[in-house]
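S.K.: have a look at this fold, sequence not included:
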Ligand SMILES: Nc1ncnc2c1ncn2[C@@H]1O[C@H](COP(=O)(O)OP(=O)(O)OP(=O)(O)O)[C@@H](O)[C@H]1O
């Protein structure tokens, strides 16, 4: 990083507004240099990855604003430190190259690396995979535990500038319903950058920015996904691993991208798939809990699983509980973040400010994933109908659609679906409110999805990893997901 001439400022009024949100200081670079003995303040080196193709193609414009803001605070970025993705998948190459540069001998092998990512979730996903996933690992035999994450990850600080369509990770970190992050404010895309700049400024004066959120470096939640033969590979996720409706609708939504560039394409695609059910089972293990709508708290899940069909195993494996959840499923996601769109809150307990959020101390430093599922056969009338003829089963699926819409309505209503319970006599298993939950939520360390794969039905086998679709194949392959990160050695993001 070196100071360069003042970049283009597309919108001076916006720049002034952003500067007014920062504490006054003569030069942040001076401040950073003068306090370089402290790791938190050591001189940061900035690199930028920009996806010009993401979302509504606003990444270049956002970068002009971000660059101007950095420049105004004495932290300009050389053009050679800015990488633009040139095609799909390019983010991974750039992430790999950054790791190689940062792991070399000399100065770059230590100290802070600040990475500004301008794109959507897909861009973040690609860059982090290239940056963090090292070694060939092995999925067979030793399982996904053979994998290694780059040991230098703890030196990397990410600044997110949302430029995609959904920007789930960004809105998870800066929820638009929070008074601190009003979605229509000019600063809305720059909260992460502002936090970083606040962190290296002199302490705020009592009158200046006392209402600003305290800048925090938050470890990014990550999961390692192992895909089966014949194309075994590992992928890191930062948002979601999913199957069933979520994966199927993303498949159809991709075909709608050209005609419907905004998030409405996801709703159209959901309507095309909402009456489908997915056969298979989910295996949960590690530290395992289940949400109880009666007490609005986590309860231990071992010994208390209730599946509508299929095997149930509540055994303890020495590393926590192990439970098998039988299908069919109408909805199934393993979420790392609270939401998949700004106000589509699928896993509310992931939200950093929620009382049931993952908590490094309470969780003993163990990372987690929240599994959110809808199993139609937990609804007694639906289960009764589904036991009949093929035609009855079709009617059962159609009849259950309104339940799925009701749950997704709750997702758009701040995440209220987690407290939706069946009425008296409606639940297939009457075991208190926990048994009557329409939508089940578990928190686990490891999740395995074992679908009943059908040769002639791609959607029965599809999984979605941060928006990227994968076919598990027709030969009985499963998706294994393991929570990683969340600790001191993780990549962290400015919030
Ligand atoms: N120059 C490019 N041309 C075409 N595609 C690109 C280019 N650079 C990156 N891509 C691809 O663009 C895709 C979309 O990017 P990204 O996911 O960041 O935006 P989005 O889909 O609009 O947002 P979100 O994932 O937040 O909904 C990525 O899958 C990436 O591989």
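M.R.: Happy to help now that I have it. Treat the numbers as computed from the prediction; the structure is a model and nothing was measured. Residues are numbered from 1 along each chain as shown.
S.K.: my read is residue 99 is in a helix, agree?
M.R.: Yes. Under DSSP: H, G, I helix; E, B strand; the rest coil, residue 99 sits within a helix.
S.K.: show me the strands in the stretch 301-450 of the chain, by range?
M.R.: 321-326, 331-335, 339-341, 344-345, 369-374, 440-444, 446-451 (DSSP state E, counting those that start in this stretch).
S.K.: out of those strands, flag the one nearest residue 126.
M.R.: strand 339-341 (17.8 Å; C-beta to C-beta). Every residue, glycine included, has its C-beta placed from N, CA and C.
S.K.: list the helices and strands that closest one packs on?
M.R.: helix 168-173 (3 or more C-beta pairs under 8 Å, 6 or more residues apart in numbering; DSSP states H and E).
S.K.: for the helix it packs on, what is the distance to the chain centroid?
M.R.: 7 Å (C-alpha atoms, centre = their mean, to the nearest Å).
S.K.: that older thread, save the strands of the stretch 301-450 of the chain as JSON lines, and put in mean pLDDT too.
M.R.: Below are those laid out as JSON lines (pLDDT from 0 to 100):
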{"stretch": "strand 321-326", "mean pLDDT": "88"}
{"stretch": "strand 331-335", "mean pLDDT": "98"}
{"stretch": "strand 339-341", "mean pLDDT": "94"}
{"stretch": "strand 344-345", "mean pLDDT": "96"}
{"stretch": "strand 369-374", "mean pLDDT": "98"}
{"stretch": "strand 440-444", "mean pLDDT": "96"}
{"stretch": "strand 446-451", "mean pLDDT": "97"}
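S.K.: beta partners of residue 457?
M.R.: residue 454 (DSSP bridges).
S.K.: how about the residues of the protein near the ligand?
M.R.: The chain has residues 51-55, 85-90, 119-123, 126, 164-167, 467 near the ligand, with proximity defined as C-beta under 6 Å from any ligand atom.
S.K.: sort out which of those are buried, if you could.
M.R.: Buried subset of those (neighbour count, 16 or more other C-beta atoms under 10 Å): 51, 53-55, 85, 90, 119-123, 126, 164-167, 467.
S.K.: hang on, residue 454 packs against residue 476?
M.R.: No. Counting by C-beta atoms under 8 Å, residue 454 does not reach residue 476; the two are 11.2 Å apart.
S.K.: doesn't residue 254 lie inside a helix?
M.R.: Yes. Secondary structure of residue 254 (three-state DSSP): part of a helix.
S.K.: how about the nearest residue to it, chain neighbours excluded?
M.R.: Using C-beta to C-beta, 6 or more residues apart in numbering and skipping the chain neighbours, the partner closest in space to residue 254 is residue 469 (7.6 Å).
S.K.: buried ones in the helix or strand harbouring that neighbour?
M.R.: Following DSSP states H and E, one finds residue 469 within strand 468-471. Within strand 468-471, the residues scored as buried using 16+ other C-beta under 10 Å are 468, 469, 470.
S.K.: stretch 259-275 now?
M.R.: For stretch 259-275, using 16+ other C-beta under 10 Å, the buried residues are 263, 265, 266, 269, 270, 273, 274, 275.
S.K.: which of these sits closest to the ligand?
M.R.: residue 263 (7.8 Å; C-beta to the nearest ligand atom).
S.K.: contacting residues around the closest one?
M.R.: 165, 166, 341 (C-beta atoms under 8 Å, 6 or more residues apart in numbering).
S.K.: remind me which residues of this structure are low pLDDT?
M.R.: 1-10, 26-42, 105, 107-108, 135-147, 202-212, 302-321, 430-434, 486-488 (pLDDT under 70).
S.K.: any idea which helix is longest in it?
M.R.: Once the chain is assigned using DSSP state H, the helix that runs over the most residues is helix 390-412.
S.K.: what lies in contact with that helix?
M.R.: For helix 390-412, using C-beta under 8 Å, 6+ apart, the contacting residues are 245, 270, 274-277, 330-331, 343-346, 374, 376, 379, 381-383, 385-386, 388, 416-418, 420, 438-439.
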